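Student: for reference, the sequence and a predicted model appear below.
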Amino acid sequence: MGDSEATAVSGTPADQGRQPSGMWEPLRHPMFRRLVIGRVTTYLGNAVAPVALAFAVLDLTGSVAALGIVVGARSLANVALLLLGRVLADRLPRGVILQGASVAAAGSQLATAAAVLMGFASIPLLVVLSVVNGAVAAVSLPAASALTPQTVPPALLRQANALARLGINTALITGASFGGMVAALVGAGWAMVATGAVFLLAAFFYARVRAPEVDSAAPTRPLADLKAGWREFASRPWVWSVVAGMMVVNAAFVGGVQVLGPAIADTTFGRPAWGFILGAQTAGMALGGLIATRWQPRRALLVGTALIAASSVPLFALAHLPALVPMLVAMVLCGVAVEQFAIAWDVSLQENVPADKLARVYSYDAMGSFIAIPLGEIAIGPLALHFGAPATLTGAGVLIVVAVAAVVVTPGIRTLTISKKGVA
């Protein structure tokens, strides 16, 4: 590709002055098309991978405790490198990060597939490969998000992000369903082969993205940036109280769904149905986004946080009514609630945290929200073996409700308001 193409993609003065003509306008820019295809295929692979891995571990061991260890190892690596990934995205060529991460993800998936299909898979090996996969995901996703403004003119940034979100949600729905069906029809090993191919496709498109590089002469102060970010995060009680509550919610929900969910699916409604059930949550999030464009409560953060209690419904359904239709309904409701909270949270941060400090607060928000997920995934298997899966899932659901109640009574949450313009 020539230099003229790269110049056209980054936006000529004429391009930047032109008003956007519609939602699909960013797709006219080749670099954005390649980037968004790479991002969508990456999320597709990340949606298939945990479903295939879960059933591979169950086929190998039949143990929810072993499954918790393997998926927990992936989450632990992801959380541990989350802040590093954000630092690297600002310091190193983002295209190189994305290509390398995609190739490494493909390699880890294909190695896992080979181990499963050739019969030499073991829990220690799967743990190592899961750590690799989780680590490269943590490194790549911030770089992909940061590249978007470099591939379209500023006037199209809103549409570009909307298109990327639409594609990502579609990939998550499709990937979860596809993973369950392939694992059921031809086995978890072949589902991992497909995942590896998806990551290689992402690497191909990332390799064709030519965007301006970050300023290599910029001062490198990652530790200072992290310390400054912590000060901004800790100085706002309404921020860290929400993050603390989401830490508990995520640990309980992900542990129940990602570890006990596949085991219950195997003995009740089946693997293909489980893929559709996982996809139903993302469908609910898409519906929640549409609702948010018309329903704009003044105290959106209070309402959104309260709605997160709906995350307990899928756990209660898994525990006491593990059937396809109830689970689909429960996951759609959960997705709607999650999106209401996510939109309210983003707008609340963007309106109340200075723009030059927002990325730092987001970093600690992400890390705090996700840091307990590995603990939930690892602990829920032994708890289910001791107390039984229904009692453990019920306890996790109750824990979510209690955590949400503790957050919504926080004064800063109850009094925070956002503008109608911000919600829209």
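Tutor: Sure, I can see it.

Student: for the strand or helix carrying residue 164, list every residue counted as buried.
Tutor: Element membership for residue 164 (DSSP states H and E) is helix 157-185. Within helix 157-185, the residues scored as buried using 16 or more other C-beta atoms under 10 Å are 159-160, 163-164, 167-184. In this view, the C-beta of every residue, glycine as well, is placed from N, C-alpha and C.

Student: what do you get for stretch 298-310?
Tutor: Buried residues in stretch 298-310, defined by neighbour count with 16+ other C-beta under 10 Å: 299, 300, 301, 302, 304, 305, 306, 307, 308, 309, 310.

Student: wait, isn't the fifth one in contact with residue 336?
Tutor: So that's residue 304. No: look at residue 304 against residue 336 with C-beta atoms under 8 Å: they stay out of range, at 10.9 Å.

Student: picking up where we left off before, could you say what helices and strands the helix holding residue 164 packs with?
Tutor: helix 30-61, helix 188-207, helix 271-292 (3 or more C-beta pairs under 8 Å, 6 or more residues apart in numbering; DSSP states H and E).

Student: which residue ranges make up each domain of this structure?
Tutor: 26-211, 222-424 (automatic domain parsing).

Student: so which of the ones you listed is the most packed in?
Tutor: Stretch with highest mean neighbour count among the domains of the chain: domain 26-211 (a mean of 21; mean count of other C-beta atoms under 10 Å).

Student: I'd like the mean pLDDT over that one, please.
Tutor: Taken as a whole, domain 26-211 carries a mean pLDDT of 83.

Student: which ones are touching the closest residue to residue 278 other than its chain neighbours?
Tutor: Leaving aside its chain neighbours, residue 278 sits nearest to residue 176 (3.6 Å; criterion: C-beta to C-beta, 6 or more residues apart in numbering). Residues near residue 176 by C-beta atoms under 8 Å, 6 or more residues apart in numbering: 47, 48, 51, 275, 276, 278, 279, 282.

Student: residue 104: which of those is nearest?
Tutor: Distance to residue 104, by C-beta to C-beta, is smallest for residue 48 among these, at 16.7 Å.

Student: my guess is the closest one contacts residue 175. True?
Tutor: Yes: contact criterion C-beta under 8 Å: residue 48 and residue 175 qualify, at 4.6 Å.

Student: how far off helix 30-61 does the host helix or strand of residue 72 point, in degrees?
Tutor: Assigned by DSSP H and E, residue 72 falls within helix 64-80. Orientation note: helix 64-80 sits at an angle of 150 degrees relative to helix 30-61 (axes from the mean of the first three to the mean of the last three C-alpha atoms, to 10 degrees).

Student: hang on, the earlier thing: the helices and strands packed on helix 157-185: which one's closest to residue 95?
Tutor: Closest among the helices and strands packed on helix 157-185, using C-beta to C-beta: helix 188-207, at 6.3 Å.

Student: now do that closest one: which elements does it pack against?
Tutor: Partner elements for helix 188-207 (3+ C-beta pairs under 8 Å, 6+ apart): helix 30-61, helix 94-118, helix 157-185.

Student: could you give me the average pLDDT of stretch 336-348?
Tutor: 84.

Student: which residues sit against that stretch?
Tutor: 242, 281, 284-289, 291-292, 300-301, 303-305, 307-311, 416, 418, 422-423.

Student: what separates that stretch from the chain centre, distance-wise?
Tutor: Relative to the centre of its chain, stretch 336-348 is centred 14 Å away, using C-alpha atoms, centre = their mean, to the nearest Å.

Student: how about stretch 241-254?
Tutor: Counting by C-alpha atoms, centre = their mean, stretch 241-254 comes out at 14 Å from the chain centroid.

Student: likewise for stretch 295-315?
Tutor: 19 Å.

Student: rewinding a little: out of the contacts of residue 176, flag the one nearest to residue 139.
Tutor: residue 47 (18.5 Å).

Student: would you confirm that the closest one contacts residue 171?
Tutor: Yes: between residue 47 and residue 171 there is a contact under C-beta under 8 Å: 6.2 Å.

Student: now the angle from the helix or strand harbouring residue 331 to helix 271-292?
Tutor: Using DSSP H and E, residue 331 maps to helix 324-352. Taking the same axes, to 10 degrees, helix 324-352 and helix 271-292 form an angle of 40 degrees between their directions.

Student: how far away from the center of its chain is helix 324-352?
Tutor: For helix 324-352, the distance to the chain centre is 13 Å (C-alpha atoms, centre = their mean).

Student: by how many degrees do that helix and helix 157-185 diverge?
Tutor: Using the same axes, to 10 degrees: helix 324-352 against helix 157-185 is 150 degrees.

Student: skip the chain neighbours and tell me the closest residue to residue 81.
Tutor: Excluding the flanking residues, the one nearest residue 81 by C-beta to C-beta, 6+ apart is residue 138, at 3.9 Å.

Student: then residue 42?
Tutor: In space, residue 42 is closest to residue 202, 4.6 Å off (C-beta to C-beta, 6+ apart).

Student: who are the contact partners of that neighbour?
Tutor: Residue 202 makes contacts with 37, 38, 39, 41, 42, 45, 98, 102, as judged by C-beta under 8 Å, 6+ apart.

Student: mind checking how far the fourth one is from residue 258?
Tutor: Computed as C-beta to C-beta, to the nearest Å, the residue 41 to residue 258 distance reads 22 Å.

Student: circling back: mind checking which of the helices and strands packed on helix 188-207 is nearest residue 264?
Tutor: Of those, nearest to residue 264 by C-beta to C-beta is helix 30-61, at 10.8 Å.

Student: how far is the closest one from where the chain is centred?
Tutor: 11 Å.

Student: so what does that helix touch, helix or strand wise?
Tutor: Using 3+ C-beta pairs under 8 Å, 6+ apart, helix 30-61 sits against helix 3-10, helix 64-80, helix 94-118, helix 123-147, helix 157-185, helix 188-207, helix 261-267, helix 271-292.

Student: distance to residue 58 added to the ones you listed, as a markdown table?
Tutor: Conversion of these to a markdown table gives the following (distance: least, C-beta to C-beta, whole Å):
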| stretch | distance to residue 58 |
| --- | --- |
| helix 3-10 | 45 |
| helix 64-80 | 6 |
| helix 94-118 | 12 |
| helix 123-147 | 12 |
| helix 157-185 | 10 |
| helix 188-207 | 8 |
| helix 261-267 | 6 |
| helix 271-292 | 10 |
